[in-house]
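Novice: task: produce atomic coordinates for the following.
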Amino acid sequence: MNTQKLVSAFFVLATLILTACDNEIHENDRFIPVEKKVARRAVLIEDFTAQRCVNCPDATDEIERLQEQYGKENVIAVGIHSGDLAKELKDGKLVPLPLWTETGQEYYNAQSIINFGQPTAIINRVDGWGLAPGKWSDVVGKMLETESPVTINIVNRYNDRMKTATINIEIMSNETFQNKHLQVWLVEDKVKGLQEMKNNVTKDDYIHNHVFRTAVNGTWGEAIHIEKGVATKTNHQLTLKEEWKVENLSVVAFVYDKDEEVGVLQVAKKTLANF
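Specialist: Numbers count the residues shown, from 1 in each chain. Now for the predicted structure:
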């Protein structure tokens, strides 16, 4: 090959290389597919319990075991004191014990808990209604393996002078949902009180945790519409009762569908105040 042909070949090769470089897409201009964002699903255990239910402490132990295994942020329990075992006999009449609430009794009646006996639970309001504690682990484990399109962020503000709380909820979703409900509850931990135990033992200083105190936004919550990619926001105010200890209070918020095949889409819990 003579020198002229060599030079020509060199320029052809150089042109091809430069052309190839011009066709390359800059790293910052490349299209990077974004995966569909999903949230880890938390599980709500509505634990129907009572202070005169001798087997209910076993249910509490099971909840603590599940929370230790999966994390308290993933297994959120609410103890709903209700039924006749949440009352005591005085002067021939059943009188509610301190942890019983009218709203909790309404849940008890609506879910026909009397047919299941206590302790029993409703988990994420889907499928297994009226589950005995021995069945909770399998149901919770399977539900935690699924994902949720919904995230819930709770921001609480507490006014110590007025004894009032402001609860702000923000819901995000990668899907649009209609005809859903938002339920906001107040629960209290470390409540010392009576608890009947097995073998005819009664403890006056038993520590009750995740005790249902009140439904902040009504017994069955409020109807909400969730738009894909748009924040759904709610705001609620609450005056605390004197006997509630603010340092032990938390807000539990969950989005649910009354259809039992859907149940709770997501649940979150946040302490009411930070001291």
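
Novice: tell me if Gly141 really is in a helix.
Specialist: Yes. Gly141: assigned to a helix according to DSSP: H, G, I helix; E, B strand; the rest coil.

Novice: ok, now which ones touch the residue lying closest to Leu99 once chain neighbours are set aside?
Specialist: Of all residues not flanking Leu99 in the chain, His81 sits nearest, at 4.0 Å (CB to CB, 6 or more residues apart in numbering). Quick note: C-beta positions are derived from backbone N, CA and C, even for glycine. Neighbouring residues of His81 by CB atoms under 8 Å, 6 or more residues apart in numbering: Thr49, Ala50, Gln51, Leu97, Leu99, Trp100, Thr101, Gly104, Val211, Phe212.

Novice: of the residues you listed, which belong to helices?
Specialist: Here DSSP state H is the test, and the contacts of His81 give Gly104 as lying in helices.

Novice: out of the contacts of His81, grab the one that's most surrounded.
Specialist: Thr49 (32 neighbours; other CB atoms under 10 Å).

Novice: tell me the contacts of that one?
Specialist: Per CB under 8 Å, 6+ apart, neighbours of Thr49: Cys56, Ala59, Thr60, Gly79, Ile80, His81, Ser82, Ala86, Gln118, Pro119.

Novice: residues touching the residue nearest to it when sequence neighbours are not counted, list them.
Specialist: Spatially, and ignoring its direct neighbours in sequence, Thr49 is nearest to Cys56 (4.4 Å; CB to CB, 6+ apart). Counting by CB under 8 Å, 6+ apart, Cys56 touches Thr49, Ala50, Gln118, Pro119, Gln195.

Novice: now stretch 52-70: buried residues?
Specialist: Across stretch 52-70, burial judged by 16 or more other CB atoms under 10 Å covers 52-57, 59-60, 62-63, 66-67, 70.

Novice: again, but for stretch 82-97
Specialist: By neighbour count on 16+ other CB under 10 Å, the buried set for stretch 82-97 is Ser82, Gly83, Asp84, Leu85, Ala86, Lys87, Glu88, Pro96, Leu97.

Novice: now the strands for the stretch 51-200 of the chain?
Specialist: 75-81, 87-90, 93-96, 120-123, 147-148, 150-159, 164-173, 177-188, 191-196 (DSSP state E, counting those that start in this stretch).

Novice: out of these, flag the one nearest Asp205.
Specialist: Nearest to Asp205 among the strands of the stretch 51-200 of the chain is strand 191-196; the distance by CB to CB comes to 5.4 Å.

Novice: note down every partner strand of that closest one and its orientation.
Specialist: strand 202-208 (antiparallel) (DSSP bridges).

Novice: so the strand it pairs with versus strand 75-81, what angle?
Specialist: 140 degrees (axes from the mean of the first three to the mean of the last three CA atoms, to 10 degrees).

Novice: what angle sits between strand 202-208 and strand 177-188?
Specialist: Using the same axes, to 10 degrees: strand 202-208 against strand 177-188 is 130 degrees.

Novice: sweet, I'm off.
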